[in-house]
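**Q** coordinates only, sequence not included:
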């Protein structure tokens, strides 16, 4: 049984006001290619299909085209799980009619476990999807007293184990935050203050746990308790992550062998650091200058229209930081005493902070005259 | 072949800030009952399934439960067409996977006609759905020069006729405004200034035209070119409409026999007119006092907290009109000269307009003193 595990597609996401839809389309193309070439038996997407509960219509169209390729053209069953970004009712619409076509849309939390049975060469495997649900929802649907994500997940996994019985190989699909997991800046916390964490130990009894939520590929507790990570980088904090999908091969005993298959981004996401001149010179020979870039300029002087200059060479500079401008300022905090000193003294402070040098007597006179002129016009 | 024709469900609609979802649920229950008891072969919903392109999650759940009842439990094919209120991409998601389950969600306009073939006792009938599309969309999808709804619909219907050929019985499903049609206040115009009208003649060649958009049941041009109307009243202008669904029986030659099957509303929508006392007295014996009401009070004097008094008897008064208060005012327009006369004179005018009587000398003195007090406090 060959399972392709992916998650956190976040279709429709924007990054610094740039639509990532074409990047997402290319990533999905690669995933579809892998499904075809690697004889996949079932595809699992472990939540956050869309970036928000009401996705843009173009994201709906992209998912529509993708499920058609996988379910109809390749005839491979596809399980899509609602994550914390998805609207479960919207995602789960007409799921009973869709399941006959091999498309399993798992929206609101079930009150009774709903296994999806997939036949492989070595027999049947049960897939138990657990859509994202906060403890309040689990309390409401199941009438049990659970007060944390930990207790809620333990309860649901116990339901699954009982439903499946002791012998049939069983894959669980969930969207949660495993304790010790490595976070990225692009994930939305499930709750405030660490109460969202779940121990990996609850997932140990299963043949494989296909997890979503964390955007970096990783496992916790054991190699078969695993996040595939997102197919794309969704923040500069993911610069050094290798994005991939996870191919899981279950043998006849339900033991999992893991392979990570890398994806090639349409635009990489990376950080450049240096002076403007050096970066512009280096960019001319950079074959990847259309990557999505965070630029950290080390220049210590003000530069006019710096974003336009950078974008002539690097069209997709998305964010600019100027650590050089702040480098000498060991007092970045606003000093209330300074604010009382008057405009000329405040400007002197500002000038020192930005340039590192004091005003020359000539400069000081020009500023003083200018301020005088302004005051005369006001009165 | 027995076709049930309905339209303009507008699931998720609010009326004067009251959710109509429970009313809609009851109407759908009745429709499901009719489908079962009248041996329906196919159900057609001719657009405006939802009230807006992004419906509330509860409306999505209601539609999900409804399609399950019709397609899975009753095993009757169901065709849902996008109207001008629907979001075509959202409504059409996964339509290719759903059609295998007998659920035909027709979202964006097709570039090639897509008939749905339904087998009846007398052979096969082709159903051609034409989702709502403005002329610009038809121009874009088909690369033809059409500048009005009339030209666009004529073009699309011609495509359908050519695709179907001369012999097979053919039902067309469309969401449009037929010239001469009787409008209600609850329809959103398709365009401004009458350019949205389509001649009924274009629909004459078909066995039946199942139309949506107008909320009152009616036919135009010929009895087989027909609006089923909405299952519920959605404005007080529909007070006198008899809401229903349309049962169409096609014989072996494709000739249509029509029956309108009435629906019973959970709350009727009607207007009450009279004095407050008379209405409150009458209401005590009114078995339908929880109807959705527009109340026109004929009292000519001001009444404190009139809505609360009415709602003690009639819990669902949704709108209040006070024609009595305005009855004597033959000059409702603001008279600029009056505004210059000062506060006391303006109040006198207002008093006359509201009560029909002039201020008594005592009343006049009280108002004058009050105004003086206010002016003294201000200065």
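**A** That came through fine. Predicted model, so just to flag it, every value in this text is computed and none were measured.

**Q** residues in chain A within reach of chain B, list them.
**A** A:53-54, A:57-58, A:60-61, A:63-64, A:67-68, A:71-72, A:87, A:89-90, A:92-98, A:100-103, A:105 (CB under 8 Å from any CB of the partner chain). For the C-beta atoms, the positions are set from N, CA and C on the backbone; glycine is no exception.

**Q** And the residues you listed, which of them are buried?
**A** A:53-54, A:57, A:60-61, A:63-64, A:67-68, A:71, A:87, A:89-90, A:92-98, A:101-103, A:105 (16 or more other CB atoms under 10 Å in any protein chain shown).

**Q** quick one, what contacts whichever residue of the stretch 151-300 of chain A sits closest to chain B?
**A** Residue of the stretch 151-300 of chain A nearest chain B, by CB to the nearest CB: residue A:175 (18.3 Å). By CB atoms under 8 Å, 6 or more residues apart in numbering or on different chains, the contact set of residue A:175 is A:7, A:46-48, A:81-84, A:130-132, A:211-213.

**Q** Take those residues and keep only those in helices.
**A** Using DSSP state H, no member of the contacts of residue A:175 falls in helices.

**Q** quick one: which of the buried ones among the residues of chain A next to chain B sit in strands?
**A** A:103, A:105 (DSSP state E).

**Q** Could you pull up phi and psi at residue A:20?
**A** Here is the backbone geometry of residue A:20 (degrees, to the nearest 10): phi -100, psi 10.

**Q** buried stuff in stretch A:179-197?
**A** A:181, A:184, A:186-187, A:190, A:196-197.

**Q** quick one: terminal-to-terminal distance for that stretch?
**A** End-to-end distance of stretch A:179-197: 5 Å, with CA to CA, to the nearest Å as the criterion.

**Q** ditto for stretch A:245-255
**A** So stretch A:245-255: terminal residues 19 Å apart, CA to CA.

**Q** tell me the mean pLDDT over it?
**A** When pLDDT is averaged along stretch A:245-255, the result is 93.

**Q** what sits up against that stretch?
**A** Contacts to stretch A:245-255, defined as CB under 8 Å, 6+ apart, come from residues A:1-6, A:31, A:34, A:38, A:40, A:120, A:122-123, A:125, A:169-171, A:207-208, A:210, A:217, A:226, A:228, A:231, A:256-261, A:263.

**Q** Need the buried ones from these selected in ChimeraX.
**A** Applied in ChimeraX, the following selects the buried portion of the contacts of stretch A:245-255 according to 16+ other CB under 10 Å:
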select /A:1,2,3,4,5,6,31,34,40,120,125,169,170,171,207,208,210,217,226,228,231,256,260,261,263
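
**Q** from the contacts of stretch A:245-255, which ones fall inside strands?
**A** Counting by DSSP E, the contacts of stretch A:245-255 place A:2-6, A:120, A:123, A:125, A:170-171, A:208, A:210, A:226, A:256-261 in strands.

**Q** Wait, residue A:344 touches residue A:371, no?
**A** Yes: if you go by CB atoms under 8 Å, residue A:344 and residue A:371 touch, sitting 6.1 Å apart.

**Q** any idea where the helices of the stretch 151-300 of chain A begin and end?
**A** A:276-283 (DSSP state H, counting those that start in this stretch).

**Q** For it, give me the ranges with low pLDDT.
**A** Applying pLDDT under 70 to the stretch 151-300 of chain A flags the ranges A:192-194.

**Q** Mind jotting down where the strands sit in it?
**A** A:170-175, A:177-178, A:197-198, A:208-212, A:218-220, A:222-227, A:244-250, A:256-262, A:269-274, A:292-297 (DSSP state E, counting those that start in this stretch).

**Q** Pick the most deeply packed of those strands.
**A** Mean neighbour count (mean count of other CB atoms under 10 Å in any protein chain shown) peaks for strand A:208-212 among the strands of the stretch 151-300 of chain A, with a mean of 29.

**Q** that older thread, name the nearest of the contacts of residue A:175 relative to residue B:238.
**A** residue A:82 (38.2 Å; CB to CB).

**Q** is it true that that closest one touches residue A:107?
**A** Yes: if you go by CB under 8 Å, residue A:82 and residue A:107 touch, sitting 5.1 Å apart.

**Q** and stretch A:33-42, which residues are buried?
**A** Quick answer for stretch A:33-42 (16+ other CB under 10 Å): A:34-35, A:40-42.

**Q** Endpoints of it, how far apart?
**A** Stretch A:33-42: ends 14 Å apart by CA to CA.

**Q** show me the contacts for the residue nearest to residue A:265 when sequence neighbours are not counted.
**A** Counting by CB to CB, 6 or more residues apart in numbering or on different chains, residue A:265 lies nearest to residue A:232, which is 6.2 Å off, once chain neighbours are set aside. By CB under 8 Å, 6+ apart, the contact list for residue A:232 reads A:10, A:20, A:23-24, A:27, A:243, A:263, A:265.

**Q** and if you look at residue A:347?
**A** Residue A:347 touches A:359, A:367, counting by CB under 8 Å, 6+ apart.

**Q** Quickly note the distance from it to chain B.
**A** For residue A:347, the distance to chain B equals 45 Å [CB to the nearest CB, to the nearest Å].

**Q** I'd guessed residue A:273 sits against residue A:298; true?
**A** Yes: Residue A:273 is within contact range of residue A:298, at 6.6 Å (criterion: CB under 8 Å).
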